[in-house]
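Chemist: generate a structure from the sequence data that follows.
(one chain, ligands or ions: 1)
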Amino acid sequence: MVSYMIDIYGKAVPRMTEKKYIIAMDQGTTSSRAVLFDKNGNIVSMVQKEFRQIFPKPGWVEHDPMEIWSTQMGVTMEAMQRIDARAEEIAAIGITNQRETTVVWDAATGRPVCNAIVWQCRRTSDMIEKMKADGLSEYVRETTGLLPDAYFSASKLCWILDNVKGAREKAEEGRLRFGTVDSWLLWNLTDGAVHATDMTNASRTMLFDIRNLCWDKKLLSYFRIPESMLPQVRPSSCVFGYTGKFGGDIPVCGVAGDQQAALFGQCGFDPGDVKSTYGTGGFMLMNTGTDAVRSEKGLITTIAASSDGSVRYALEGSVFVAGAAIQWLRDGLRMLRSSKQSEEYCRAVDDSDGVYVVPAFSGLGAPYWEQYARGTIVGLTRGVTKEHFVRATVESLAYQTNDVIKAMKDDSDLSIGSLKVDGGASANDFLMQFQSDISNVNIQRPSCVETTALGAAYLAGLAVGYWKDTDEIKRNWRCEREFTPQIDEKQRKKLLGGWRRAVKCAAFWANGECDDE
Ligand code: ADP
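Modeler: Residues are numbered from 1 along each chain as shown. Sure thing, here's the model as predicted:
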C-alpha cells in the first residue's frame, strides 16, 4: 500500500521509504556525473563523462547545452545499467550543478538560442563596469548579497538578448526561457512541463532578492529582462516534477547549486557549520542560519540549501586557484608526475625554507578582490630546492583558505570549531595538517568526499521520506580522518606574517609604482 506524506506546499506526496536508491545528477563545469546512493549514503554506482569546453575568444567560455543534456542523460542511464537498477527501485532524483552558467531556449521547440555562457566567461566585464559607474553596486549588494561581477548570470543573460539575432523581440513576446543548468535539466527531464529553479541557484543570478525571495524588478529592468523568461523559484527540497525518461515515473525533488549541495552533503545544517572544498578552485561556505549576514570582509551572502522549507543563508568565500596550482606544478612546470606526488615532496623537507608562492594567476578572490594581482614567488635563496618550492605551493592553498576563514570569523562573530573538507586536494594529508596548524582549527575529512552529489541526494531523499530527517542523515556522516593543530602560536604568527607580506608583493605588482617610472 502506498503511504503519503505532506510536502511543504501542503500537498500529498507518495512516500518512497521502501525504494532502494537515490540518483544524484552532478552536472559540473568539466563533466557530467551520475551517482547512485543507498540509504546509508554509500555510493553504489557512479559514471562520469567530460564534455567540450568551447573558447570562442580569449576570456570567453561556452558549453553546448545539448551536450550538457545528452551527457547527463547518458551517464545516468549507464550508472543505472551498471547495477541493473530499474526505475521502480529509484526513490528520487536530485540535481546539483555548476552555478551561474546561463542557458536561453525557445519555449516552443526547446532548442537553445545559443551556447550556454559559462560562469568563468568574462565577456560582460564592461557591462559590469558600467553598472558600477551607474551607481548600482550598493543596491546589488543589499538586494542580492553579491558583488557586481560578470561571474553571475544577469549580465550573461542580457548579453544573449542583446547579441543573438531576434532574441530580445522573442523574449518580449514571451517565447524564450532562461535558466541556470538545473532549470535546463529539469525542463528536459519533464519534457518542458516544468520551468523552475531552486533558491540556491536563483541567489547566484544577481537578479534575485535574497531577503524577499523574489525576482528583483529594478535589476530586471536595468538589464531589460522580461519576467516571463524566468523560472519559478522553489525550495531546494520539494517535488519539482516527475520524469519518465528512465523507464517509469521518478520524482525530481532535490535541486541545489554545487557549493550549497556540498555544504548540505557535509551535514552543514546548523549556524556556524563550515565546509571547505579544495578542488580546482577553493570554496568555503559557512551556514549563518536565518540571518543573511552582510560581509564587511569581501565575502558574499548567498542562500544555503535547506530541507524544511525555512530559508537559510551562508557566507561564501572563493579562492580562484587552489588545486589548479598543483596542476600548474605538474603540467606547466613539469615538477610532478602526479598531483598526489606533491605530498611526497612536502614531506621531504622540514619547511618551505622561507619561500612563499602566491598563485594569483588570475587575480586574487576573497577577501582581497585584486583582479590585477599576479602570481608571485618571494623568499628565494641559493639553498631552495624543488621540494621547498612544491611545499610552498601546497602551503599556499592553506594560506588562501585561512584568509577566508579569518574573514568569516570576523564577519559572522561565530567561532569555527571544526572544518569539514572535501574536493580532490583534500586527499593530501600534509595539506590538511598544515591547514589545521596555521588556522588553529580541527579538520574533519569525511569518508565520502563526493559531498556535492551526496547533498543533492539528501535533498531529494528528504522530500519523499526516503530519509526521515536530517538527524537520520547525520548518522551517515563518517569521519575518515581528523587533523588537530600541532604548532604553537609563535610559530603560527611567524608563518602567517610571511604570507601577508607575500600577498602585499603580489598586489603591489598590480598597483604599485616605482619612483623612476
Ligand atoms: P574539480 O571538481 O574542481 O574539477 P576536484 O575536486 O576533482 O576538482 O580536485 C582536483 C584538483 O585537486 C586538481 O587541481 C588536482 O591538482 C588537485 N589534487 C588532487 N589530488 C591532490 C593531492 N593529493 N594533493 C594536492 N592536490 C591534489
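
Chemist: report the buried residues of stretch 50-68.
Modeler: Buried residues in stretch 50-68, counted by 16 or more other Cβ atoms under 10 Å: F51, V61, E62, H63, D64, P65, M66, E67, I68. For glycine as for every other residue, the C-beta is placed from the backbone atoms N, C-alpha and C.

Chemist: which of those residues lies closest to the ligand?
Modeler: Taking Cβ to the nearest ligand atom as the measure, the ligand lies nearest F51 of the buried residues of stretch 50-68, at 13.1 Å.

Chemist: quick check, central residue of this structure?
Modeler: Q259 (3.1 Å; Cα atoms, centre = their mean).

Chemist: contact partners for the closest residue to the ligand within the stretch 401-517 of the chain?
Modeler: At 2.1 Å from the ligand, G424 is the closest residue in the stretch 401-517 of the chain, using Cβ to the nearest ligand atom. The contact partners of G424, taken as Cβ atoms under 8 Å, 6 or more residues apart in numbering, are Y278, G279, G323, S339.

Chemist: go with 6 Å
Modeler: Taking Cβ atoms under 6 Å, 6 or more residues apart in numbering as the contact definition, G424 lies against G279, G323.

Chemist: do you know how far it is from S362?
Modeler: As for G424, its distance to S362 is 19 Å (criterion: Cβ to Cβ, to the nearest Å).

Chemist: how about N42?
Modeler: Taking Cβ to Cβ, one finds N42 at 38 Å from S362.

Chemist: same deal with Q444?
Modeler: For Q444, the distance to S362 - Cβ to Cβ - is 30 Å.

Chemist: what of E227?
Modeler: Distance, E227 to S362, by Cβ to Cβ: 34 Å.

Chemist: quick one, which of those two is more surrounded?
Modeler: Per other Cβ atoms under 10 Å, whichever of E227 and S362 has more neighbours is S362, with 17 against 11.

Chemist: tell me the pLDDT at the more buried one?
Modeler: Model confidence at S362, expressed as pLDDT, equals 76.

Chemist: quick one, phi psi at the nearest residue to it once chain neighbours are set aside?
Modeler: Spatial nearest neighbour of S362, chain neighbours left out: F320 (5.4 Å); criterion: Cβ to Cβ, 6 or more residues apart in numbering. Main-chain torsions, F320, degrees, to the nearest 10: phi -70, psi -40.

Chemist: residue contacts, F320?
Modeler: Contacts of F320 by Cβ under 6 Å, 6+ apart are G281, S362, G365.

Chemist: what packs against the longest helix that the chain contains?
Modeler: What stands out as the longest helix in the chain, according to DSSP state H, is helix 386-412. If you count contacts as 3 or more Cβ pairs under 6 Å, 6 or more residues apart in numbering; DSSP states H and E, helix 386-412 packs onto strand 282-289, strand 312-319, helix 341-347, strand 356-358, helix 429-439.

Chemist: ok, which residues in the protein are in contact with the ligand?
Modeler: Contact residues (Cβ under 6 Å from any ligand atom) of the chain with the ligand: 30, 279-280, 323-324, 326-327, 339-340, 342-343, 423-425, 427-428.

Chemist: cutoff 5 Å now
Modeler: 279-280, 323, 326-327, 339-340, 342, 423-425, 427-428 (Cβ under 5 Å from any ligand atom).

Chemist: show me which of those are buried.
Modeler: Buried by 16+ other Cβ under 10 Å: G279, T280, G323, I326, Q327, S339, S342, G423, G424, A425, A427, N428, out of these.

Chemist: ok, the last one to G498 distance?
Modeler: Distance of N428 to G498, given as Cβ to Cβ: 21 Å.

Chemist: bridge partners for V274, pull those for me.
Modeler: M286, L419 (DSSP bridges).

Chemist: burial count for it?
Modeler: Using other Cβ under 10 Å, V274 is surrounded by 26 other residues.

Chemist: could you do E387 as well?
Modeler: 17.

Chemist: thought it was touching C346?
Modeler: No - assessed by Cβ atoms under 6 Å, E387 is found out of contact with C346, at 7.6 Å.

Chemist: related to what we said a few turns ago, what about the longest helix of the chain, distance to the chain center?
Modeler: 19 Å (Cα atoms, centre = their mean, to the nearest Å).

Chemist: pLDDT on it, on average?
Modeler: The average of the pLDDT scores along helix 386-412 is 94.

Chemist: now that helix and strand 282-289, what's the angle there?
Modeler: Here helix 386-412 points in a direction 20 degrees away from that of strand 282-289 (axes from the mean of the first three to the mean of the last three Cα atoms, to 10 degrees).

Chemist: tell me the confidence at whichever residue of the stretch 151-300 of the chain sits closest to the ligand?
Modeler: Here the stretch 151-300 of the chain gets closest to the ligand at one residue, G279, 2.8 Å apart by Cβ to the nearest ligand atom. Per-residue confidence at G279 stands at 88 (pLDDT).

Chemist: quick check: phi and psi on the closest residue to it other than its chain neighbours?
Modeler: Spatially, and ignoring its direct neighbours in sequence, G279 is nearest to G423 (4.0 Å; Cβ to Cβ, 6+ apart). Main-chain torsions, G423, degrees, to the nearest 10: phi 90, psi 160.

Chemist: quick one: low-confidence ranges for the stretch 1-150 of the chain?
Modeler: Within the stretch 1-150 of the chain, the stretches with pLDDT under 70 are 1-2, 8-9, 16-17.

Chemist: you'd agree M131 is in a helix?
Modeler: Yes - applying DSSP: H, G, I helix; E, B strand; the rest coil, one finds M131 inside a helix.

Chemist: is the nearest residue to it once chain neighbours are set aside in a helix, a strand, or coil?
Modeler: Closest residue in space to M131, ignoring its immediate chain neighbours: P148 at 5.3 Å, by Cβ to Cβ, 6+ apart. Judged by three-state DSSP, the three-state class of P148 is coil.

Chemist: and P148, what does it touch?
Modeler: By Cβ under 6 Å, 6+ apart, the contact set of P148 is I128, M131, K132, S137, V140.

Chemist: number of nearby residues for the fourth one?
Modeler: Okay, so that is S137. S137, neighbours per other Cβ under 10 Å, totals 14.

Chemist: contact partners for it?
Modeler: Contact analysis of S137 by Cβ under 6 Å, 6+ apart lists P148.

Chemist: and it, backbone torsions?
Modeler: Note on S137: its backbone torsions stand at phi -60, psi -50 [degrees, to the nearest 10].

Chemist: all numbers from here: first residue = 44
Modeler: Sure, I'll start counting at 44 from here, so that last one is S180.

Chemist: how much space between it and the ligand?
Modeler: Distance from S180 to the ligand, counting by Cβ to the nearest ligand atom, to the nearest Å: 29 Å.

Chemist: do the same with the second one
Modeler: With the distance defined as Cβ to the nearest ligand atom, M174 ends up 29 Å from the ligand.
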